[in-house]
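*Asks:* Mind looking at a prediction? Sequence and model below.
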Amino acid sequence: MPQSSADLILTDRRGDGQHIFVITINRPERRNSFDSTTARAMEAAIDEFESDDSLRVAILTGAGPTFCAGQDLKAAAVGDFGVSERRGGFGVMQRPPRKPLIAAVEGDALAGGLELCLACDLIVATESTRMGLPESARALIAAGGGLFRLPQRIPFNIAMELALTGKPLPASEFHRLGLVNRLAEPGAALTEALALAADIVAAGPLSVTASKQIVKHSYEWTDEQAWVEQMTYAKPVMESEDTQEGLRAFAEKRAPQWKGR
């Protein structure tokens, strides 16, 4: 069992150039549920990812057979909730990183586990994974972003049914609906997520970060606003050394060498 807060969230650098940051929730004995200590440890890991320019994409996964069971209910019973001071729920929900974050889901992602997925930009899940918001069936409320993020990413009526009945669906159905990007064999979610992360790492890092922000904010803008607001993120990329390198590499038919500036 974890003996210190440092053991609750494990981090590892992967891939060519060590640009991929794997973040593992390490409370398998509690089905990777969150208390305040675990949330603070997650916040620290996300902060590390954000502050290191050599890290371009992160993967969030769980140790053991369950991705994340949500809030640790035993902890909640004594007033200990999985919230951090700056990033909110589970140390990431209210303030996800600027750079891409992939959920690699083995086992179930229910309640806060699904809401944790919804704080990520991309989701890889296995064919045996179930996902859902069971809170209403227990007279609880999904207050970790699920009730307003899920309708943005799947059809409204399906999100409403999930919210009102509390019944889960298999990840294959979420894949059909477009929420899950890739389906993997059981045991292979992290491997598939690493392959997806490698595709992102191959792209220009400044463009990736800016593109994420434009897509994220697109829900907030009218079409007229979007033409103006997108330039806040796009202009620095257009003026970067990486853009010139990308154009030269294309003309010279070679792989680009990104500098992140």
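*Replies:* Sure, I can see it.
*Asks:* From the chain's centroid, how far away is stretch 215-222?
*Replies:* How far stretch 215-222 lies from its chain's middle: 18 Å, per CA atoms, centre = their mean, to the nearest Å.
*Asks:* just the strands in the stretch 101-250 of the chain please.
*Replies:* In the stretch 101-250 of the chain, the strands defined using DSSP state E, counting those that start in this stretch lie at 101-105, 109-110, 122-126, 130-132, 169-170, 182-184.
*Asks:* Same list (those) but as TSV, adding distance to Thr24.
*Replies:* No exception for glycine: its C-beta is placed from N, CA and C like everyone else's. Output for the strands of the stretch 101-250 of the chain, formatted as TSV (distance: least, CB to CB, whole Å):
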stretch	distance to Thr24
strand 101-105	9
strand 109-110	15
strand 122-126	14
strand 130-132	19
strand 169-170	24
strand 182-184	17
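*Asks:* Just put these in a markdown table and tack on mean neighbour count and mean pLDDT.
*Replies:* Below are those laid out as a markdown table (neighbours: other CB atoms under 10 Å; pLDDT from 0 to 100):
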| stretch | mean neighbour count | mean pLDDT |
| --- | --- | --- |
| strand 101-105 | 28 | 98 |
| strand 109-110 | 26 | 95 |
| strand 122-126 | 26 | 98 |
| strand 130-132 | 23 | 96 |
| strand 169-170 | 18 | 96 |
| strand 182-184 | 20 | 97 |
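*Asks:* what about stretch 94-112, distance to the chain center?
*Replies:* Worked out by CA atoms, centre = their mean, stretch 94-112 lies 3 Å from the chain centre.
*Asks:* actually stretch 26-46, not the one I wrote
*Replies:* Worked out by CA atoms, centre = their mean, stretch 26-46 lies 15 Å from the chain centre.
*Asks:* again with stretch 246-258
*Replies:* That offset, for stretch 246-258, works out to 30 Å (CA atoms, centre = their mean).
*Asks:* out of the strands of the stretch 101-250 of the chain, which comes closest to Thr191?
*Replies:* Thr191 lies closest to strand 182-184 among the strands of the stretch 101-250 of the chain, at 7.1 Å (CB to CB).
*Asks:* contacts for that closest one?
*Replies:* Under the criterion CB atoms under 8 Å, 6 or more residues apart in numbering, residues 124-127, 171-172, 175, 191-193, 196 lie in contact with strand 182-184.
*Asks:* All the helices of this protein, residue numbers only.
*Replies:* Remark: helices assigned in the chain by DSSP state H are 5-8, 36-51, 73-76, 112-118, 146-153, 156-165, 171-177, 189-201, 205-217, 223-238, 241-252.
*Asks:* winner for burial among those?
*Replies:* helix 112-118 (a mean of 28; mean count of other CB atoms under 10 Å).
*Asks:* So which other helices or strands are in contact with it?
*Replies:* strand 101-105, strand 130-132, helix 146-153 (3 or more CB pairs under 8 Å, 6 or more residues apart in numbering; DSSP states H and E).
*Asks:* now with 6 Å?
*Replies:* helix 146-153 (3 or more CB pairs under 6 Å, 6 or more residues apart in numbering; DSSP states H and E).
*Asks:* what inclination does the helix it packs on have with respect to helix 156-165?
*Replies:* 160 degrees (axes from the mean of the first three to the mean of the last three CA atoms, to 10 degrees).
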